[in-house]
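Undergrad: with the sequence up front, the predicted model follows.
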Amino acid sequence: MKKEWYLEYEIKKNRPGLLGDISSLLGMLSINIVTINGVDEGRRGLLILAKDDNQIKRLESILNTMDTIKVMKLREPKLRDRLAVRHGRYIQRDADDKKTFRFVRDELGLLVDFMAELFKQEGHKLIGIRGMPRVGKTESLVAASVCANKRWLFVSSTLLKQTIRNQLIEDEYNTDNLFIIDGIVSTRRANERHWQLVREIMRLPSVKVIEHPDIFVQNSEYTLDDFDYIIELRNHPDEEITYEIVEQHNLFSGSDFGAFD
């Protein structure tokens, strides 16, 4: 049974035929290449298949003798590794808070792919998503749900019209469903019955996504420690996510033709 590995190397001296040499080396060691892509400036990432760990140890020792490249990673692939090879770039992760992942609007394809992979995982997952109005938060959630083959349910939302659910019908309790909660709508406008439903949903072994998680935790018994992942989506890398504008937008977007996100 072959096992998948992730190899990432930095090019020290770029010369014609370098990739060919590495491909030949893998071939001689009977290691198959699954996918290959540039993953960063001057770096290549490869998903490879090997029969046993000894092949990988031999590969590593040979690669370490080469002066043209430097091995950066050789490990069993993580989700970020797979997505980096697929999209040709790494997902930005917060240096201090390892569960916070950053995206900008022109990376929506990568964001949707990342969230879809999270949504496919079994059991309870609590995901927060931060971002300014109209940046594409809700659309990305819906697209990722479609990719993950999940049915999504708005428990509270301002998409198209204001939604505040106080109860679910029987088949909506399916743990395969994805529950989307708008932290501002739920904490600013909802009644106790809605909150009973939110608590009930929180106990289900399913995926829950909270838009505006900071407002949600300020006004509820939950904390940011309860979240498994926090996703930040910006129009550009330096954009500051400020809640004054977000809350104003939510106050005025409850009409039947409210802003799309």
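TA: Done, it's in. Numbers count the residues shown, from 1 in each chain.

Undergrad: drop to CA atoms for contacts and neighbour counts, all remaining ones
TA: Fine.

Undergrad: E170: neighbour count?
TA: 7 (other Cα atoms under 10 Å).

Undergrad: can you give me the helices for the stretch 1-150 of the chain?
TA: 18-28, 53-63, 79-87, 108-119, 137-147 (DSSP state H, counting those that start in this stretch).

Undergrad: how about JSON lines for these, with distance to L224 and mean neighbour count added?
TA: Shown next, in JSON lines, are these (distance: least, Cα to Cα, whole Å; neighbours: other Cα atoms under 10 Å):
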{"stretch": "helix 18-28", "distance to L224": "44", "mean neighbour count": "13"}
{"stretch": "helix 53-63", "distance to L224": "39", "mean neighbour count": "14"}
{"stretch": "helix 79-87", "distance to L224": "22", "mean neighbour count": "18"}
{"stretch": "helix 108-119", "distance to L224": "18", "mean neighbour count": "20"}
{"stretch": "helix 137-147", "distance to L224": "19", "mean neighbour count": "20"}
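
Undergrad: save the ones you listed as CSV, and put in distance to S157 too.
TA: CSV is the format used below for the helices of the stretch 1-150 of the chain (distance: least, Cα to Cα, whole Å):
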stretch, distance to S157
helix 18-28, 50
helix 53-63, 49
helix 79-87, 29
helix 108-119, 19
helix 137-147, 9
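
Undergrad: measure stretch 115-134 end to end?
TA: 18 Å (Cα to Cα, to the nearest Å).

Undergrad: apologies, that question was intended for stretch 165-178.
TA: Terminal residues of stretch 165-178 lie 15 Å apart, using Cα to Cα.

Undergrad: pull out the buried residues from it.
TA: The neighbour-count check on stretch 165-178 (16 or more other Cα atoms under 10 Å) flags R165, N166, T175, D176, N177, L178 as buried.

Undergrad: among these, which are in strands?
TA: Among the buried residues of stretch 165-178, DSSP state E puts L178 in strands.

Undergrad: which pair in the buried residues of stretch 165-178 spans the largest distance?
TA: For these, the farthest-apart pair by Cα to Cα is N166 and D176; their separation is 20.0 Å.

Undergrad: returning to what we had before: of the helices of the stretch 1-150 of the chain, which approaches P205 most closely?
TA: P205 sits nearest to helix 108-119 of all these, at 12.1 Å, using Cα to Cα.

Undergrad: just the mean pLDDT for stretch 74-90, thanks.
TA: Confidence over stretch 74-90, taken as the mean pLDDT, stands at 94.

Undergrad: correction: the previous question concerned stretch 45-64.
TA: Mean predicted lDDT for stretch 45-64 stands at 96.

Undergrad: start and end of it, how far apart?
TA: End-to-end for stretch 45-64, by Cα to Cα: 16 Å.

Undergrad: distance between it and the chain's centre?
TA: The chain centre lies 28 Å from the centre of stretch 45-64; the measure is Cα atoms, centre = their mean, to the nearest Å.

Undergrad: quick thing: my sequence starts at 210, can you match it?
TA: Okay, residue one is now 210; in that scheme the one you just asked about reads as stretch 254-273.

Undergrad: other residues contacting that stretch?
TA: Identification of contacts with stretch 254-273 by Cα atoms under 8 Å, 6 or more residues apart in numbering yields 210-218, 234-235, 238-248, 278-280, 283, 286, 290-291, 293-294.

Undergrad: 6 Å instead?
TA: Identification of contacts with stretch 254-273 by Cα atoms under 6 Å, 6 or more residues apart in numbering yields 211-217, 240-246, 248, 294.

Undergrad: identify the farthest-apart pair in the residues you listed.
TA: Top of the distance list for the contacts of stretch 254-273 (Cα to Cα): K211 and V248, 24.1 Å.

Undergrad: ok, these two, which is more surrounded?
TA: Of the pair K211 and V248, V248 is the one with more neighbours under other Cα under 10 Å, namely 22 against 12.

Undergrad: can you pull the contacts of the more buried one?
TA: Shown in contact with V248 (Cα under 6 Å, 6+ apart): G254, A293, G297, R298.

Undergrad: may I see the residues you listed arranged in TSV, with distance to T451 as well?
TA: TSV is the format used below for the contacts of V248 (distance: Cα to Cα, whole Å):
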residue	distance to T451
G254	36
A293	29
G297	31
R298	27
